[in-house]
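*Asks:* Got a predicted structure here, sequence first:
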Amino acid sequence: MAVACCRTTVPDAGSQQPRAKMFAMPPPASLRSSFAWTLTGNVVYAAGQWALLSLIAKLGSAEMLGEYALAVAITSPVAMLSHLNLRAVIATDIGGKHPFGDYVVVRLGATLLGLAGIALLAFVTAPTAQMILIILAVGAAQSAENVSDTFYGALQRQDRMDKIARSMMGRAILSAAALGIVLWFTRNIAYATFALAVARIVPLIVYDVRTGESLHRTSVTEQWTILRTALPLGAALMLITLNTNLPRYAIERSLGTSELGGFAAAASFLTTGNTVVNALGQSATPRLARFYAAGDRAGFRHLALRLAAIAAGLGAAGAAFALAAGVPLLRIVYRADFTRYAGLLTLIMIAAIPIYVAGMLGYLITSVRAFQAQLPLFCLVAATCFAASWMLVPRWGLIGGPAALGLAACVQAAGELAILSRAFRRPETAS
């Protein structure tokens, strides 16, 4: 379905046109079309992420895989704080309250600060010079993705999920090829991660910046307003990512880098359902935001229930598949010695049921722009996962990881339901 691309129209200096009317929304693409493109992009991107882990395991070692997983665990919370979930803020800014150029300025400033924080963490926490280089390279790769995601927000607001999908597919293929080729020739994970960073930067420069949006900027005051709006979302994303990685910190501390590599290999299969959850959530967010803005409670509820049911079904199907085919799956994707983690894989996929539901509910609360309420919730979720990880992993070993993740996801889902309930009790959303 063809969708007309729209631009931000900037009034002349003498115009008194309200800024809220500056952005002309295009006719929305069908949810099926948006989902098809988003799912395709996310599937290829997820396959690329899997390929990175598989290549490190096959061309390197479990220890290299553990080093890469530890670098991701260290850099991700900082990268997500600087991410600010700005894409969601842009995509739900239906009235075009802020020019896109202001969003870009906020993104670049936050990204530079995030890179500085990652560099500080690398020098403080890394035990070796090579680990410092790996952390810096992974941080640069994640920062490039953050900048690309800003342009994705503009495209998502235009319902141009096809262009987002093409960018994600190209970036995934280029990233896997760059890391694989360099690792093949050098057998050095630090060099390979620097190649990965370059592969993330190239699509940003060549493709992503060409969104069709004006880069008109207004003032520092307006940019500060955007930052204040998005900062709770960035903090929430940081806590979500920290929550995901807390078991990894505990595993590395208690069991070592090689066992962390095994956990990372098994946990990577969470990406399968997350791919569908993210595709559905991203495709449905603008539509849910329009339902909420129009006070269409029935339309919002109907779509929300469908999305939550799909998320729960994905988790159940994943758990059943892991139980039936975990051993050959790990052998094919990684190596034969990873098959000893088949039982762990099954437990992780059981924990995926509440994880996927909580992830989908996150898109719902973002679509109603309940930004401020997310921060205290994810503080509670992170505290739950922290306590569970550091209590269960030393006692139960790797099994403590999925137990901590599942418990934290149940707390998250309960809190998100409470936020949604409160949002729909507001008088302006009454139907």
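*Replies:* Okay, I see it. Residues are numbered from 1 along each chain as shown.
*Asks:* which helices and strands does the helix or strand hosting Glu145 pack with?
*Replies:* Here Glu145 sits within helix 129-157, counting by DSSP states H and E. Packing contacts for helix 129-157, counted by 3 or more CB pairs under 8 Å, 6 or more residues apart in numbering; DSSP states H and E, involve helix 62-83, helix 86-91, helix 100-125, helix 161-186, helix 189-203, helix 270-293. Glycine gets a C-beta too; all of them are placed from N, C-alpha and C.
*Asks:* if you set the cut-off to 10 Å instead, what comes out?
*Replies:* helix 31-59, helix 62-83, helix 86-91, helix 100-125, helix 161-186, helix 189-203, helix 270-293 (3 or more CB pairs under 10 Å, 6 or more residues apart in numbering; DSSP states H and E).
*Asks:* Mean neighbour count for these - can I get that in CSV?
*Replies:* What follows is those, written out as CSV (neighbours: other CB atoms under 10 Å):
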stretch, mean neighbour count
helix 31-59, 20
helix 62-83, 24
helix 86-91, 25
helix 100-125, 18
helix 161-186, 20
helix 189-203, 22
helix 270-293, 22
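*Asks:* circling back: what's the spacing between the helix holding Glu145 and its chain's center?
*Replies:* Relative to the chain's own centre, helix 129-157 is displaced by 11 Å; criterion: CA atoms, centre = their mean, to the nearest Å.
*Asks:* Identify each buried residue in it, please.
*Replies:* Under the neighbour-count criterion of 16 or more other CB atoms under 10 Å, helix 129-157 has 131-157 buried.
*Asks:* low-confidence ranges in the stretch 251-400 of the chain?
*Replies:* Residue ranges of the stretch 251-400 of the chain with pLDDT under 70: none are present.
*Asks:* circling back: what mean pLDDT does the helix holding Glu145 get?
*Replies:* Mean pLDDT, computed over helix 129-157, is 91.
*Asks:* Okay, angle between that helix and helix 31-59 too, please.
*Replies:* Helix 129-157 and helix 31-59 are oriented at 170 degrees to each other (axes from the mean of the first three to the mean of the last three CA atoms, to 10 degrees).
*Asks:* mean pLDDT for the helices and strands packed on helix 129-157: which is lowest?
*Replies:* helix 86-91 (a mean of 80).
*Asks:* now for it, which elements pack on it?
*Replies:* helix 100-125, helix 129-157, helix 220-255, helix 270-293, helix 342-367.
*Asks:* can the ones you listed go into JSON lines with extra columns for distance to Phe300?
*Replies:* Output for these, formatted as JSON lines (distance: least, CB to CB, whole Å):
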{"stretch": "helix 100-125", "distance to Phe300": "26"}
{"stretch": "helix 129-157", "distance to Phe300": "18"}
{"stretch": "helix 220-255", "distance to Phe300": "20"}
{"stretch": "helix 270-293", "distance to Phe300": "4"}
{"stretch": "helix 342-367", "distance to Phe300": "8"}
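*Asks:* Alright, calling it a day.
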